[in-house]
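Enquirer: sequence and predicted structure below; questions after.
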Amino acid sequence: MTRQNGSVRFGATAYALGMPVARERVTATLFAVTTLVAVVVNKFVVQPLLWRIEPVAVGFSIGVLVLIAVCAGPPVWYVWVTRALRRRPATFGLAPDGAAFVVAESVVPRGLTGILLMFGAGSMLLTERVPDTDRVRLAQLGWATTASLAVAVALAVIALVVIWLPGPSLVLTPDGISVRYPLRRRELRWDELLPGGPPPVSRWYLTLMYRSPDGRPKRLNVAVFSFDVDPVFLATVVRHYNERPEDRGGVGTPGELERLESSYAAWRAATGARPA
């Protein structure tokens, strides 16, 4: 997959970070906007046409089917179109200076969130039937209509922000792990992690157990579904560097990455394990 460069920081050092190219964000945006348009067209065009169908039960049934298609169609289609992006690789990106492994974010969860927010934006529009016609207009409810429009616009803007703002990042360096989300960042050094490595990882979260400055064990949940990496591969690597400090110096080098990839591939072949 093609990537464009961004950067993240661990301590005082900045490292390059691969981010999804604009094409992937544009795809998510198109699906989100299509969802909003579909909801509006269904409200103002399709549903009024169905009022003319006799018997009423047939028109109602068609209306329900159209509503289901509007609700489920865009996200299901988006999931199908992005199926290749959801095959998360058992590898990392390399920082240009060879000093870190970098993990790009996965744009798919953000795209789905944007689609759902756009559906909510369209659903917030209050409508009413024009008297003595088969047409629909915005409801004439004064401040309530104004408020619904404001909420709809806000949801649409939030959807675009979710899709286009820089997302989470994860960096492995010889010193430790840096996890950054839009509103927070956490850095853990290898020697802060508790022995034994991460517990069994799921498709959604990787739990890092570490010791706080006061000596108490704490946990950091990394939302691995937000990153474009095989979570089992990531957990295996974290455990390896936690237990083998002598190998940490190779973090970020092509040779070390090749060794990690081949070791993980051999383990999967021997155990029959599938990517998470």
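Expert: Great, that's in hand. These figures come from a predicted structure and were not determined experimentally.

Enquirer: residues contacting the most centrally placed residue in the chain?
Expert: Centroid-nearest residue in the chain, with Cα atoms, centre = their mean: residue 109, separated by 2.6 Å. Shown in contact with residue 109 (Cβ atoms under 8 Å, 6 or more residues apart in numbering): 225, 226. Using the backbone N, CA and C atoms, a C-beta is placed for each residue, glycine as well.

Enquirer: what are the phi and psi values at residue 214?
Expert: phi -90, psi 0 (degrees, to the nearest 10).

Enquirer: scratch that, residue 140
Expert: The phi/psi pair for residue 140 (degrees, to the nearest 10) is phi -90, psi 70.

Enquirer: mind checking the SS state of the residue nearest to it when sequence neighbours are not counted?
Expert: Ranked by Cβ to Cβ, 6 or more residues apart in numbering and with sequence neighbours excluded, the top spatial neighbour of residue 140 is residue 128, at 6.8 Å. When classified by DSSP: H, G, I helix; E, B strand; the rest coil, residue 128 comes out as strand.

Enquirer: for residue 128, grab the count of nearby residues.
Expert: 12 (other Cβ atoms under 10 Å).

Enquirer: figure out the helix or strand that the closest residue to residue 59 other than its chain neighbours lives in.
Expert: Among residues not flanking residue 59 along the chain, residue 53 sits closest, at 3.4 Å (Cβ to Cβ, 6+ apart). Following DSSP states H and E, one finds residue 53 outside all helices and strands.

Enquirer: residue 53 and residue 61 touch, don't they?
Expert: No. Using Cβ atoms under 8 Å, residue 53 is not in contact with residue 61; the gap is 9.4 Å.

Enquirer: pLDDT on stretch 109-117, on average?
Expert: On average, the pLDDT along stretch 109-117 is 93.
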